[in-house]
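Trainee: here is my input, please return the structure:
(one chain, ligands or ions: 1)
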Amino acid sequence: MNIVLLGKPGAGKGYVSEILKNEYGFNHISTGNLCRENIKNNTKLGVLASTYVQKGDLVPLDIILDMLKQALNNSSDNYIFDGFPRTLIQAQQLNKITPVDYVILVDVPNDIILQRVAKRRICPNCSKLFSTDEVQDEICIVCNTKLTIRADDNLEVAKKRLQLYETETKPLVDFYKDKLLILDNSKDLENTKQQIKEITERIYAKFKENV
Ligand code: AMP
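Mentor: Alright, predicted model coming up:
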């Protein structure tokens, strides 16, 4: 079973993915992480993607698809697709690679997103995301590395990314309307976890009916 996570940049798709991975056994694939890893490792694809990511622009389709296919490496089942697709064309391409069973829209109003983005930090070593509220001295609690601010986590780029979401990604809500489940991620983390539990229970129940 494959699930696509839709949602504005900064809506918390990474956090939801982590719970689905750790507690429900899904594989996690984040095209944002793939971009950052390729950039960090100075690969050919990373060099090509770098300026787009820094400016908050969408990386061209062929580059993103190459990264995705490399990461999938012939296995494409039981995945959480986080940050992909982001356009209708990407959604059509994903259909050619693997079926999408469910789509979870991680929903948060823009004002809360901008507040969260200002507090967001990333571990440059293990890529885990934190809020400054949950860590001491901005040190990664997993691998003890000093956290950094993502190059695209400044107010100007965050607003541009929200604008891009409206024009490019929001049409996917309609494209996937028959598979769509909504997760309100504007409250606290426990509330989000509870909603994920309810959503996964519904998904598994429907999945069993169809087997
Ligand atoms: P994210 O971590 O998902 O917020 O993505 C960070 C950045 O990576 C985005 O602002 C884009 O520059 C790039 N990126 C990630 N996923 C995609 C995608 N599906 N299509 C194009 N660019 C992407």
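Trainee: where does the protein have low pLDDT?
Mentor: Counting by pLDDT under 70, the chain contains low-confidence ranges at 211.
Trainee: which residues of it lie near the ligand?
Mentor: 9, 31-32, 35, 52-53, 56-59, 64, 83-84, 86, 90, 152, 161 (CB under 6 Å from any ligand atom). The C-beta positions use only the backbone N, C-alpha and C, and glycine is treated the same way.
Trainee: could you redo the last one with a cut-off of 5 Å?
Mentor: Residues of the chain lying close to the ligand by CB under 5 Å from any ligand atom are P9, T31, G32, C35, Y52, V53, L58, V59, I64, G83, F84, R86.
Trainee: which of the residues in the helix or strand containing I203 are buried?
Mentor: Element membership for I203 (DSSP states H and E) is helix 189-210. Neighbour-count burial for helix 189-210, counted by 16 or more other CB atoms under 10 Å, picks out T192, Q195, I196, I199, T200, I203.
Trainee: taking these together, which two end up most distant?
Mentor: Comparing every pair within the buried residues of helix 189-210 by CB to CB identifies T192 and I203 as the most remote, at 16.0 Å.
Trainee: now do the contacts for L68.
Mentor: I29, T31, L34, F84, I97 (CB atoms under 8 Å, 6 or more residues apart in numbering).
Trainee: could you measure the residue of the chain found nearest the ligand against Y204, distance?
Mentor: Residue nearest to the ligand within the chain (CB to the nearest ligand atom): G32, separated by 1.9 Å. Using CB to CB, to the nearest Å, one obtains 27 Å as the distance from G32 to Y204.
Trainee: could I get the full set of strands for this protein?
Mentor: Using DSSP state E, the strands found in the chain span residues 3-7, 27-30, 79-82, 102-107, 120-122, 129-131, 180-184.
Trainee: highest neighbour count among the residues of the chain next to the ligand?
Mentor: When neighbours are taken as other CB atoms under 10 Å, the top entry among those is I64 (24 neighbours).
Trainee: looking at it, that one is touching S30, isn't it?
Mentor: No: with contacts counted by CB atoms under 8 Å, I64 stays clear of S30, the gap being 11.6 Å.
Trainee: okay, and the common contacts of those two?
Mentor: Residues touching both I64 and S30 by CB under 8 Å, 6+ apart: F84.
Trainee: so what sits opposite the residue nearest the centre of the chain in the bridge?
Mentor: For the chain, the residue nearest the mean C-alpha position is D82 (3.2 Å; CA atoms, centre = their mean). Counting by DSSP bridges, D82 forms beta bridges with L5, S30.
Trainee: quick one: residues contacting it.
Mentor: D82 sits next to L5, K13, G14, V16, S17, H28, I29, S30, T31, G32 when contact means CB under 8 Å, 6+ apart.
Trainee: quick check, nearest of these to R116?
Mentor: Nearest to R116 among the contacts of D82, counting by CB to CB, is G14 at 11.3 Å.
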